[in-house]
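Asks: what follows is a predicted structure for the sequence shown.
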Amino acid sequence: DVKVTQSSRYLVKRTGEKVFLECVQDMDHENMFWYRQDPGLGLRLIYFSYDVKMKEKGDIPEGYSVSREKKERFSLILESASTNQTSMYLCASRNAGTGEEQYFGPGTRLTVT
Amino acid sequence: QQQVKQSPQSLIVQKGGISIINCAYENTAFDYFPWYQQFPGKGPALLIAIRPDVSEKKEGRFTISFNKSAKQFSLHIMDSQPGDSATYFCAASRRGGGNKLTFGTGTQLKVEL
């Protein structure tokens, strides 16, 4: 089974802090994604990565950056956390060669106070 | 700009009834339409998906109906069960767009005994 793990289930940070959210997948997938999920807004794509060291902005990249130094790991960075970044963050991965399905992690609920 | 519109936002169905969730899209380049199911505390998981070359796809109690001319697709859950209570997201993507998914806003389904 594909397994996507996220470093924290719950995280509380202060405004202005630098925040790192980590995601690891164990199936050698090329593509990885970061979404945020907010009630009434669904899932919105922040950034995605086609492969190692490759990244592309999604629909809402402002205030975020990403890093993908190894194939299995995709990090989301909030350079200076703000209260409007309080949300559920979901990571997903996908095998670029064999199908469309994205496999999601359990999510990190981030609260910025 | 919301490219995939989903309704209703919430739905209550009696056990054994039919649950119907609707989605409409704007981008005619979309060529893959999945539905994801999300239980509380979990990440979304692929439930069923369709491509526009067919008008219907059925997997067990779950059916996608697709209307290309109207740019609409819907999820039907037959014989709804309490275990189907979850949030459902429709989505769409296109080849050549990195297969990035554009999600609807979600429908919270509750199946009552």
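Replies: Good, I have the coordinates.
Asks: phi, psi of B:D84?
Replies: phi -80, psi -10 (degrees, to the nearest 10).
Asks: which ones are touching it?
Replies: Counting by C-beta atoms under 8 Å, 6 or more residues apart in numbering or on different chains, B:D84 touches B:19, B:77, B:109, B:111. From N, CA and C alone the C-beta is placed, and that goes for glycine too.
Asks: rerun that using 6 Å as the cut-off
Replies: Listed by C-beta atoms under 6 Å, 6 or more residues apart in numbering or on different chains, the contact set of B:D84 reads B:77, B:111.
Asks: check B:S74 too.
Replies: B:S74 neighbours (C-beta under 6 Å, 6+ apart): B:22, B:65.
Asks: distance of it from chain A?
Replies: For B:S74, the distance to chain A equals 17 Å [C-beta to the nearest C-beta, to the nearest Å].
Asks: hey, what's the residue positioned nearest the centre of chain A bridged with?
Replies: When C-alpha atoms, centre = their mean is applied to chain A, the residue found nearest the centroid is A:W34 (2.9 Å). Beta-bridge pairing of A:W34 under DSSP bridges involves A:Y47, A:C91.
Asks: state the distance from it to B:K5.
Replies: 23 Å (C-beta to C-beta, to the nearest Å).
Asks: cool, A:L45 as well?
Replies: For A:L45, the distance to B:K5 equals 17 Å [C-beta to C-beta].
Asks: who has more neighbours out of these two?
Replies: A:L45 (21 against 14; other C-beta atoms under 10 Å in any protein chain shown).
Asks: now for the more buried one: which residues touch it?
Replies: A:35, A:58-59.
Asks: export the residues you listed to JSON lines and tack on pLDDT?
Replies: Formatted as JSON lines, the contacts of A:L45 follow (pLDDT from 0 to 100):
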{"residue": "A:Y35", "pLDDT": "97"}
{"residue": "A:G58", "pLDDT": "94"}
{"residue": "A:D59", "pLDDT": "92"}
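Asks: of those residues, closest to chain B?
Replies: A:G58 (7.1 Å; C-beta to the nearest C-beta).
Asks: setting aside sequence neighbours, what's the nearest residue to A:K70?
Replies: A:V52 (6.6 Å; C-beta to C-beta, 6 or more residues apart in numbering or on different chains).
Asks: assign the one you found to helix, strand or coil.
Replies: Under DSSP: H, G, I helix; E, B strand; the rest coil, A:V52 falls in the coil class.
Asks: distance-wise, check the residue nearest to the centre of chain A relative to A:Y103.
Replies: Using C-beta to C-beta, A:W34 is found at 14 Å from A:Y103.
Asks: one more: A:L90?
Replies: Counting by C-beta to C-beta, the gap from A:L90 to A:Y103 is 11 Å.
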